[in-house]
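In: A structural model of the following input is requested.
(2 chains, ligands or ions: 2)
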Amino acid sequence: MDARIKSAHDGGAYGDVGDRNDRLSGDTPMTLLETRDLTIRFGGHVAVNSVSCTFRPGELTAIVGPNGAGKTTYFNLISGQLRPSDGSILFDGADITQLSAPLRTRAGLGRAFQLTNLFPNLSVEENVRLAVQSQSGVHYDMLRPWMTRRDLIARADAILDKVALGGRRNVAATQLSHGDQRKLEVALMMALEPKVFMFDEPTAGMSIDEVPVVLNLIAQLKQDLSKIILLVEHKMDVVRSLADRIIVLHNGQLVADGKPAEVIASPIVQEAYLGIAPGRSAA
Amino acid sequence: MMVLSGDPPRSRVLSIVLIVIIAALAVTPLVFPGAKAMNVATKICIFAALVASYDLLLGYTGSVSFAHTMFYGIGSYSVAIALYSMGPGWAAVATGIVIGLPLALLLALAIGLFSLRVEAIFFAMITLAVASAFLVLASQLSWLTGGEDGRSFQLPELLRPGTVLISKGVFGFELNGRVLTYYLIFAGSAAMILALLRVVNSPFGRVLQAIRENRFRAEALGFRTVFHLTYANCIAALVAASAGMLNALWLRYAGPDTSLSFAIMLDILLMVVIGGMGTIYGAIIGAAIFILAQNYLQALMSAASNAAADAGLPLLPGLLHPDRWLLWLGLLFIASVYFFPTGVVGRLRSIGRKPS
Ligand SMILES: Nc1ncnc2c1ncn2[C@@H]1O[C@H](COP(=O)(O)OP(=O)(O)OP(=O)(O)O)[C@@H](O)[C@H]1O
Ligand SMILES: [Mg+2]
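Out: Numbers count the residues shown, from 1 in each chain, chains lettered A, B, ... in the order given. Ligands and ions are numbered 1, 2, ... in the order given. Next comes the predicted model:
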């Protein structure tokens, strides 16, 4: 293993985002996230089957595969919504396999869901403000009115502007169009300022003119070389233009891993993914 | 109220209604010093706080608890038993508080940590089970609780009706121990409601609303929701127990019917729904409407019935006969829930607002 991976007990693995840059000052970026033989079974069905993979900061990895391949399930395992039947997950040098979802979020794993998952009757601003509040470590403060934390509100508004939702901050999340809800979903993850961004088909179902906002945002995030970006995406042109690396899941197994051009050209991908869903790959 | 909580009533009509209710409660001993009016006013004060604390659970976190009267009962009984066994004195009152509040807190903590991890329905079932067990326990341990008869006790000297602090001659009304007790309850209830308003409008309270909306997402944002829910459960239990203590002080008695029964639980639920869930202010309005109706509907109907009979109208005298008052109370509640699904507060807030 990489000698620079920190031990699980040196503290600081969870919660502190501050010293991220010091730790990443080497020229060859260390492995920040790793799954080892990660497996989950639902009854007899193996949805993710012994997936071992490492992810480095500064790298955008696209995860592709046909419907039901296990991409979302793989994300759920990493961000803690599901517990694996087998295998382990290492993050920032610590084994986080047993860590609950909220603690993984605090440790720096950010997640935007494929099926939009918001606080429907709260305002758009409040949705993001809650994420900012969590990121700032304000969890149990019950003695002052929330409005006195103007800084949290201001940060939420700034993020909303970034995803072009500033004009809709006072409407309830449920009243947004599908595309805007997808953007809000992304905004929640941005507000958490994670080390790992997990996008699960962020542009699915968006109208053509809304897509660039999200893609530009991802491209912008890529500039920060301390971040890992994982992107599940069916649109091959998006994958080609953004990804540094592609991994392919098929029937829960990792069947290919490499540079975009190589992976797309490989026979196994032609058969396993592109061959099965040619219509979607051409999008 | 608004200043302290940062959450104004957000409706002019609502503000006026609240001010009228609070002002009426504040002057009751001066204007309506009769026993019945005082009892009604006291009950409104105590239930406003009790219902507000239930609203913290139901309206803000979305968790249904059936154990709220249990905490109310713990408060009532601890003060009653302390005063009964130690004799009337402030040391006994303090003992009741010092035993009752931590007991309520520990129980709420245990129930919360045990059952709030999993689905909401489990919490509801557990609270139901624990509250039923507690009810049985309270009637079985009759050496301690007095069983079905409950415990009657004497108040400390200062709070007794016979204690005259300022005689009638000075200000035109008599400030006696009873009036003092009333104002103690009024101030205590007000303080609790203000504290609850503070809590629901804090960053913590905002997380409670997020949990009600989408607990899964709140977890994914990094909130460990079981702790938020457990803290809310503890706060609600503490307020309920304190309200129970005030209730015992007023009645000079604690028994199963006045402080533990599930009938009270039903009343609380109705008051929350009528007033408006998730508003805290709704508790004041819900309690006022419900308790006024409970106490004065019969009298009102009797008058109406007689008037109808005098006017020679058919059918009406029978329908309005005071014995039918429960039927009318039921109809009143069905109508209020039907016409104000978001409660009186929700209704009043939506009136002034532009349709969007
Ligand atoms: N909680 C669950 N219980 C049972 N089966 C599940 C569960 N979650 C996922 N599965 C199954 O696991 C398999 C993988 O699902 P997953 O959602 O991960 O696919 P995906 O690659 O994200 O597909 P898509 O491209 O459609 O989003 C599917 O067969 C799905 O039915
Ligand atoms: Mg998926």
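
In: Contact residues of chain A facing chain B?
Out: Within chain A, the positions adjacent to chain B are A:79, A:81, A:100-103, A:105-106, A:111, A:113, A:117-122, A:126, A:129-131, A:133-135, A:138-149, A:152, A:188, A:192 by Cβ under 8 Å from any Cβ of the partner chain. To be clear about C-beta, it is placed using only N, CA and C from the backbone, and glycine gets the same treatment.

In: So which residues of the stretch 251-356 of chain B form strands?
Out: All strands of the stretch 251-356 of chain B, identified by DSSP state E, counting those that start in this stretch, fall at B:253-254.

In: Which residue, other than its chain neighbours, is closest to residue 228?
Out: Just going to use chain A. Closest residue in space to A:I228, ignoring its immediate chain neighbours: A:V196 at 4.5 Å, by Cβ to Cβ, 6 or more residues apart in numbering or on different chains.

In: Please refer instead to chain B.
Out: That would be B:V207: by Cβ to Cβ, 6+ apart, it lies 5.3 Å from B:H228.

In: check contacts around the closest residue in space to A:S100 that isn't next to it in sequence.
Out: Closest residue to A:S100 in three dimensions, ignoring its sequence neighbours and counting by Cβ to Cβ, 6+ apart: A:G80, at 6.0 Å. Under the criterion of Cβ atoms under 8 Å, 6 or more residues apart in numbering or on different chains, the neighbours of A:G80 are A:I96, A:L99, A:S100, A:A101, A:P102, A:L103, A:R104, A:T105, A:L109.

In: B:A283 too?
Out: Counted by Cβ under 8 Å, 6+ apart, B:A283 has contacts B:F47, B:A48, B:A49, B:L50, B:V51, B:A52, B:Y54, B:D55, B:I193, B:M271, B:V272, B:G275.

In: now the closest residue to chain B within chain A: how far from A:I153?
Out: Chain A approaches chain B most closely through A:P145 (2.9 Å), counting by Cβ to the nearest Cβ. Using Cβ to Cβ, to the nearest Å, A:P145 is found at 12 Å from A:I153.

In: next one: A:K162
Out: Relative to A:I153, and taking Cβ to Cβ, A:K162 is found at 15 Å.

In: What is the burial count for the residue of the stretch 101-250 of chain B found nearest ligand 1?
Out: In the stretch 101-250 of chain B, no residue comes nearer to ligand 1 than B:F216, which is 12.6 Å away by Cβ to the nearest ligand atom. Residues near B:F216, counting by other Cβ atoms under 10 Å in any protein chain shown, number 13.

In: average model confidence for the one helix or strand it maps to?
Out: Per DSSP states H and E, B:F216 falls inside helix B:203-220. In this model, helix B:203-220 carries a mean pLDDT of 96.

In: Can I get it in CSV, CA atoms only?
Out: C-alpha atoms of helix B:203-220 as CSV (Å, rounded to 0.1, in the frame of the first residue of the first chain):
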residue,chain,number,x,y,z
PRO,B,203,-30.7,26.0,13.7
PHE,B,204,-31.6,22.8,15.6
GLY,B,205,-35.3,23.4,15.0
ARG,B,206,-34.7,23.8,11.3
VAL,B,207,-33.0,20.4,11.3
LEU,B,208,-36.1,19.0,12.9
GLN,B,209,-38.2,20.3,10.0
ALA,B,210,-35.8,18.8,7.6
ILE,B,211,-36.1,15.4,9.3
ARG,B,212,-39.9,15.6,9.0
GLU,B,213,-39.6,16.4,5.3
ASN,B,214,-37.0,13.8,4.4
ARG,B,215,-35.1,12.0,7.1
PHE,B,216,-33.0,10.0,4.6
ARG,B,217,-31.8,13.3,3.0
ALA,B,218,-31.1,14.9,6.4
GLU,B,219,-28.9,11.9,7.2
ALA,B,220,-27.1,12.2,3.9
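
In: Only the buried residues of that helix, if you could.
Out: Judged by neighbour count using 16 or more other Cβ atoms under 10 Å in any protein chain shown, the buried positions of helix B:203-220 are B:203-215, B:217-220.

In: Check stretch A:162-182 too.
Out: Across stretch A:162-182, burial judged by 16+ other Cβ under 10 Å covers A:162-165, A:168-169, A:172-173, A:176, A:179-182.

In: re earlier: in contact with the residue nearest to A:I228, which residues?
Out: A:V196 neighbours (Cβ under 8 Å, 6+ apart): A:L32, A:L33, A:F55, A:I78, A:F91, A:G108, A:L109, A:G110, A:K227, A:I228, A:I229, A:L230.

In: B:G62 too?
Out: Contacts for B:G62 were tallied using Cβ under 8 Å, 6+ apart; they are B:A120, B:I211, B:R212.

In: didn't the second one look like it was pressed against B:F223?
Out: Yes - B:I211 is in contact with B:F223 according to Cβ atoms under 8 Å; the separation is 7.4 Å.

In: now for the helix or strand in which B:A241 is found, which elements pack on it?
Out: Using DSSP H and E, B:A241 sits in helix B:225-251. Helix B:225-251 is packed against helix B:35-55, helix B:68-86, helix B:90-115, helix B:177-200, helix B:203-220, strand B:253-254, helix B:256-259, with contacts defined by 3 or more Cβ pairs under 8 Å, 6 or more residues apart in numbering or on different chains; DSSP states H and E.

In: Of these, which is nearest A:L254?
Out: A:L254 lies closest, by Cβ to Cβ, to one member of the helices and strands packed on helix B:225-251: helix B:203-220, at 24.7 Å.

In: other SSEs contacting the closest one?
Out: Contacts defined by 3+ Cβ pairs under 8 Å, 6+ apart place helix B:203-220 against helix A:101-107, helix A:124-135, helix B:225-251.
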